[in-house]
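Peer 1: Whatever this is, show me its structure:
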Amino acid sequence: HGFPRPPLSTDFFLFPHVFCLYQRRDISSWLDRWFPKAPAKSVVALKTPIKVNLVAGKTYRWCVCGRSKKQPFCDGSHFFQRTGLSPLKFKAQETRTVALCTCKATQRPPYCDGTHRSEQVQKAEVGSPL
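Peer 2: Numbering: from 1, shown residues only. Presented below is the predicted three-dimensional model:
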C-alpha cells in the first residue's frame, strides 16, 4: 500500500501502443468531423495514352492517382502522397498490345477510350486535376 497510484491507468504502461492508437483514432475522427476531406481526385499524368504489351495471365496495377513516375503503372506514389486512391489491379486475359489511359479520365479504366482528345483534358495542365 505504500506506492501511490500512477496518474494514468496501468493499461497505458502495459499496452502503450494501444493507448497511442486509441488517442490517434480519437483525434482523427475529431478532425474528420470538423474538417472533412475533399474527395480524392486523380491528376492528369499525360495527355496521350501509352501503348503497352500485356502478357496473358499477368496481373498489373494501373495508376489511378496520376502521380506515378512509371505511367501507366503504379509506383506507390498514391500512398506516399496520401491521395486516398488505390491502383486498379487487372489481369491480362490475352497477350496483346493495348493503349492504357494516362489522362485518368477514361470511362473504361485502365484502357484509353479517347477522352484525352476532349477540350477539358487538352486544356488541363499535366499534374492538375480535371
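Peer 1: Which parts of this protein are helices?
Peer 2: Using DSSP state H, the helices assigned to the chain run over residues 10-14, 16-34, 77-80, 119-123.
Peer 1: Can you mark which positions in the last one are buried?
Peer 2: Just to be clear, that refers to helix 119-123. Across helix 119-123, burial judged by 16 or more other CB atoms under 10 Å covers V121. For the C-beta atoms, the positions are set from N, CA and C on the backbone; glycine is no exception.
Peer 1: who touches it?
Peer 2: With CB atoms under 8 Å, 6 or more residues apart in numbering as the test, helix 119-123 has contacts from 44, 47, 103, 105, 115-116, 130.
Peer 1: Select from these the one having the most neighbours.
Peer 2: Most neighbours among the contacts of helix 119-123, by other CB atoms under 10 Å: C103, with 27 neighbours.
Peer 1: pLDDT score assigned to it?
Peer 2: With respect to pLDDT, C103 has a value of 98.
Peer 1: related to what we said a few turns ago, would you turn the contacts of helix 119-123 into TSV with distance to K89?
Peer 2: Formatted as TSV, these follow (distance: CB to CB, whole Å):
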residue	distance to K89
V44	22
K47	25
C103	20
A105	20
T115	22
H116	23
L130	23
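Peer 1: just to revisit the earlier point, check the helices of the chain for me: which has the lowest mean pLDDT.
Peer 2: Here these differ in mean pLDDT, and the lowest is helix 10-14 at a mean of 50.
Peer 1: returning to what we had before: between the contacts of helix 119-123, which is nearest D75?
Peer 2: Ranked by distance to D75 (CB to CB), those are led by V44 at 16.8 Å.
Peer 1: Surely that closest one and V126 touch.
Peer 2: Yes: counting by CB atoms under 8 Å, V126 is a contact partner of V44 at 5.5 Å.
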